[in-house]
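> got a predicted model here, sequence first, then my questions.
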Amino acid sequence: MNLLAALDDERYGAGALAHAHAAAARAGCTLRRVDGAGDRLAAWIDLHFAPSSWSSEAGAGSAWVAERDGAIAGFAAFGARGLRFHWLRRWRAHPGVGIFGPFGLLPAHRKTGIGEVLLAAALASLREAGYGAALIPAVSGDRLIASYAARTGAAVVDEFAFLPERTYRTAILASGAGTNARNVLERVRARELPLDVAAVLANHAGAGALTVARDHAVDAIPIVWERDRESRDGFDARLVEQVASTEPELVLLLGWMHLLPSAFLHRFPATINVHPAFLPLDPAADHLIAPDGTAIPALRGAHALRDALRAGCRWSGATVHGVTDATDRGEVLVRVPVPVGAAANEAALRELVRPAEFAAVPAAVRRWIFER
């Protein structure tokens, strides 16, 4: 459901923000406003609300952050622009309607009153920015809808299905054991992902991903570069034509260890990749802030897990992003941070990161579908 709340209530008028700061202080917190993509807040969101796209949604606007003893307790985002979710489509042309959310609190702070403070501060900021109403989008569950109605006077204005009834024809490219491919195919079989997987392609004839495909009655296509008999351009052209023969709307790179040519990305612009690192939301950035506030490098390329250990990073993770000509610099769809902990070698770190990949890939596919 989409809800709409009028902002003409005096709770959101002059003095509302001062009242919110005072109420936060009584609850033992301070309020801090973040405009745009704040690295620290984004990493905190990705740690506590994974897997989701909430960090990039918050970065598309502003947010009020509640902190206690220097630690983030919760946040309320507002004023996002440029979001492509299908349930926002009819509201993009309404200049008087601002978007509220996402909105999240740690469990320990949910009965302290700070949630009410954050909600009021965000709605007051929308009114201060000149909006006459706030859209509270994608609310599900009678209890939550009733809560927003009671707290803000919001009423339901749209009903919709998150996922369409149709399926999206998909090709999976993989190079190794196919654990992520298996995860996707199992979720498709369980009807958790509306994909029609046409084929799994692997650039090694003995790749486990091909066995995974056969186990799920999906076409398994080896496409191997015979380097002594075929040029790189020849292989790339053959790869493009082989993928094109499956007629995909979406291409998933799930452990595909072969750089793709520009011609591939031109032919299949809806190509997304899972990468074993916690990458910045800004594709141009080479460093980012981890959930514990430390700065870490953006570990792009084929050896991200090894590089994390060599650099002594305290954080690894999984990032699913759009694919561009610049390696691992496409738009981030979903990312999940993972503490390195006691992992002493690449194999151990891989086992820590794998569950994050299993969560991030389906979430990213759903986001891709939500934005269609």
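Received the coordinates, thanks. Numbers count the residues shown, from 1 in each chain.
> just the CA trace of stretch 49-62, in CSV.
Output of stretch 49-62 as CSV, limited to C-alpha atoms (Å, rounded to 0.1, in the frame of the first residue of the first chain):
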residue,chain,number,x,y,z
PHE,A,49,18.6,-3.9,7.6
ALA,A,50,20.3,-6.2,5.1
PRO,A,51,19.5,-7.3,2.5
SER,A,52,17.8,-4.2,1.2
SER,A,53,18.3,-1.1,-0.9
TRP,A,54,17.5,1.2,2.0
SER,A,55,21.0,2.8,2.0
SER,A,56,20.7,4.0,-1.6
GLU,A,57,17.1,5.1,-1.0
ALA,A,58,18.2,7.2,2.0
GLY,A,59,21.1,8.6,0.0
ALA,A,60,18.6,9.8,-2.7
GLY,A,61,17.4,12.4,-0.2
SER,A,62,18.0,13.4,3.4
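> buried ones in it?
If you call a residue buried by 16 or more other C-beta atoms under 10 Å, then stretch 49-62 has these buried ones: 50-62. For every residue, glycine as well, the C-beta is placed using N, CA and C.
> figure out how far it is from the centre of its chain.
7 Å (C-alpha atoms, centre = their mean, to the nearest Å).
> next one: stretch 164-180
The answer for stretch 164-180 is 18 Å, by C-alpha atoms, centre = their mean.
> output it as CSV, nothing but the C-alphas.
Taking C-alpha atoms only, stretch 164-180 is exported to CSV below (Å, rounded to 0.1, in the frame of the first residue of the first chain):
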residue,chain,number,x,y,z
PRO,A,164,4.3,-8.9,-11.3
GLU,A,165,2.6,-12.1,-12.4
ARG,A,166,4.9,-12.4,-15.4
THR,A,167,8.4,-13.9,-15.3
TYR,A,168,11.6,-12.4,-16.7
ARG,A,169,13.7,-14.5,-19.0
THR,A,170,17.2,-14.7,-17.6
ALA,A,171,20.6,-16.1,-18.5
ILE,A,172,23.1,-16.9,-15.8
LEU,A,173,26.9,-16.8,-16.5
ALA,A,174,29.2,-18.5,-14.1
SER,A,175,32.7,-19.9,-14.0
GLY,A,176,33.0,-22.0,-10.9
ALA,A,177,31.0,-24.3,-8.6
GLY,A,178,27.7,-22.5,-9.2
THR,A,179,26.7,-22.0,-5.5
ASN,A,180,25.1,-18.7,-6.3
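> domain-wise, how is the protein divided?
If you go by automatic domain parsing, the domain ranges for the chain are 2-158, 168-370.
> now mean pLDDT too, for those, in JSON lines please.
JSON lines is the format used below for these (pLDDT from 0 to 100):
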{"stretch": "domain 2-158", "mean pLDDT": "96"}
{"stretch": "domain 168-370", "mean pLDDT": "97"}
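> how about the buried residues of stretch 49-62, which pair is most distant?
Largest separation among the buried residues of stretch 49-62 by C-beta to C-beta: 51 and 62, giving 23.5 Å.
> residue 192: what's it in contact with?
Residue 192 makes contact with residue 362, according to C-beta atoms under 8 Å, 6 or more residues apart in numbering.
> now secondary structure and distance to residue 328 too, for the buried residues of stretch 49-62, in a markdown table please.
Shown next, in a markdown table, are these (DSSP: H, G, I helix; E, B strand; the rest coil; distance: C-beta to C-beta, whole Å):
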| residue | secondary structure | distance to residue 328 |
| --- | --- | --- |
| 50 | coil | 19 |
| 51 | coil | 18 |
| 52 | coil | 21 |
| 53 | coil | 18 |
| 54 | helix | 22 |
| 55 | helix | 17 |
| 56 | helix | 16 |
| 57 | helix | 22 |
| 58 | helix | 22 |
| 59 | helix | 19 |
| 60 | coil | 21 |
| 61 | coil | 26 |
| 62 | strand | 28 |
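> which one among those residues gets closest to residue 274?
Using C-beta to C-beta, these come closest to residue 274 at residue 51, 11.5 Å.
> wait, the closest one sits on residue 363?
Yes: using C-beta atoms under 8 Å, residue 51 makes contact with residue 363 at a distance of 3.7 Å.
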